[in-house]
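pasted the sequence and its predicted model underneath.
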Amino acid sequence: MKEVYEKFYIWLFAGICCMLLGFGFHYLLKDDVSVAAALFCLALAFSVFGNLSRFKRFKGFGFEMEVWNDVQEQADALVSKHEKIIAIHTKEILWNAVMMGRWSDGQDDDWKRVYGAFNEIVGEVGVRGNFSELRQNMDRMCIGDIVYDIATVFGRYCKVNYQKAIDFINQRHPSPVTDHLGFNDLHHVLSETNTGPFGDQLTQDTASLFLKEIGRIELIFRETFDIDDRFDPSAVRILEEASRLYNASPNNPSELLALMSQAKKLNETLY
């Protein structure tokens, strides 16, 4: 019903406008310019007021007005789509920056570049977009690299103690081996000190999982092979802090970069 009334008033104003224009041209042909000009102004006024409801904003007879509502809606939709496209491409660019060169020698420098690019691009683009998930994934990938450095150190720790366990087995079962069952059992237990992947670093707290794995392997070395050699406590503290940061994401990049620097230093010096 509302649309019917709107159309009626539009046609009414259009009719009056046409009538005024007709009279205007009539007086113009009669060289009565002042009357014709007044009629033309009235016709223009009726034309504007007849379509006033379709304008977003109207400011008097200065004719300062914005685009019509339907065009405005189309423009808003186009801008919204444009912003979404920019946000998508921005996320792809940043994620590619995260994934490229992550295993190079300058890992911490690479991450400084990545976090710097994130702040710069998101600040410059200025679109309405939610980058929190991307930022969280960036943090978790960074934490995964920290865990990787400590895992490399732990691999060397296991290698040292693995040889000690072999010596223990050889002393317990010297050649020629007579207790094959006991000999095989010890080697089977020793094989359980091999470590594998610790899960998906984007969805799992790999630092916490790794800490549990360290405790399990230390226990095997201690109880089965009488090797009371604990993994370096400073490396354990780094993993504990990495686990805390994982669950606190998004984090201050300086904290992650400082922790990565510590992990890299241990990787260069331990075992």
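In hand now; what should we look at? Residues are numbered from 1 along each chain as shown.

and Lys164, what is it in contact with?
Under the criterion of Cβ atoms under 8 Å, 6 or more residues apart in numbering, the contact list for Lys164 reads Phe221, Phe225, Ile227, Asp229. (Each C-beta comes from the backbone N, C-alpha and C, glycine too.)

can you pick the most crowded of those residues?
Phe221 (24 neighbours; other Cβ atoms under 10 Å).

that one and Gly215 touch, don't they?
No: using Cβ atoms under 8 Å, Phe221 is not in contact with Gly215; the gap is 11.1 Å.

which neighbours do these two have in common?
Common neighbours of Phe221 and Gly215 are not found (criterion: Cβ under 8 Å, 6+ apart).

pick out the lowest-pLDDT one from the contacts of Lys164.
Among the contacts of Lys164, Asp229 carries the lowest pLDDT, at 92.

quick one: residues contacting that residue.
Listed by Cβ under 8 Å, 6+ apart, the contact set of Asp229 reads Tyr157, Val160, Asn161, Lys164, Phe221.

any idea how far Leu239 is from Glu213?
For Leu239, the distance to Glu213 equals 10 Å [Cβ to Cβ, to the nearest Å].

now for the contacts of Asp229: which two are most distant?
Tyr157 and Lys164 (11.0 Å; Cβ to Cβ).

re the thing from before, neighbour count winner among Leu239 and Glu213?
Leu239 (25 against 17).

in a helix, that one, correct?
Yes: under DSSP: H, G, I helix; E, B strand; the rest coil, Leu239 sits within a helix.

so it makes contact with Asp205?
No: look at Leu239 against Asp205 with Cβ under 8 Å: they stay out of range, at 10.1 Å.

would you map the helices across the chain?
2-29, 33-50, 69-99, 107-125, 132-172, 180-191, 206-225, 233-248, 253-269 (DSSP state H).

least confident of these, on average?
Minimum mean pLDDT among those: helix 33-50, a mean of 60.

can I see the domain layout of the protein?
According to automatic domain parsing, the chain is divided into the following domains: 2-66, 70-130, 136-269.

pLDDT score for the closest residue to Glu213 other than its chain neighbours?
In this structure, Glu213 finds its nearest non-sequential neighbour in Thr195, 5.9 Å apart by Cβ to Cβ, 6 or more residues apart in numbering. For Thr195, the model assigns a pLDDT of 82.

now Thr195: phi and psi?
Main-chain torsions, Thr195, degrees, to the nearest 10: phi -100, psi 150.

that one against Ile217, yeah?
Yes: counting by Cβ under 8 Å, Thr195 touches Ile217, with 7.1 Å between them.

looking at these two, which one has more neighbours?
When Thr195 and Ile217 are compared for neighbours, Ile217 comes out ahead with 19 against 15, by other Cβ under 10 Å.

quickly note the distance from the more buried one to Asn194.
Shown here: Ile217 relative to Asn194, a distance of 9 Å by Cβ to Cβ.

give the residues shared as contacts by these two.
Cys158.

next up, the contacts around Gln163.
With Cβ under 8 Å, 6+ apart, Gln163 has no contacts at all.

look up how far Asn267 lies from it.
20 Å.

cool, Gly199 as well?
For Gly199, the distance to Asn267 - Cβ to Cβ - is 21 Å.

and these two? which has more neighbours close in?
Under the neighbour definition other Cβ under 10 Å, Gly199 and Asn267 were set side by side, and Asn267 has more, 17 against 14.
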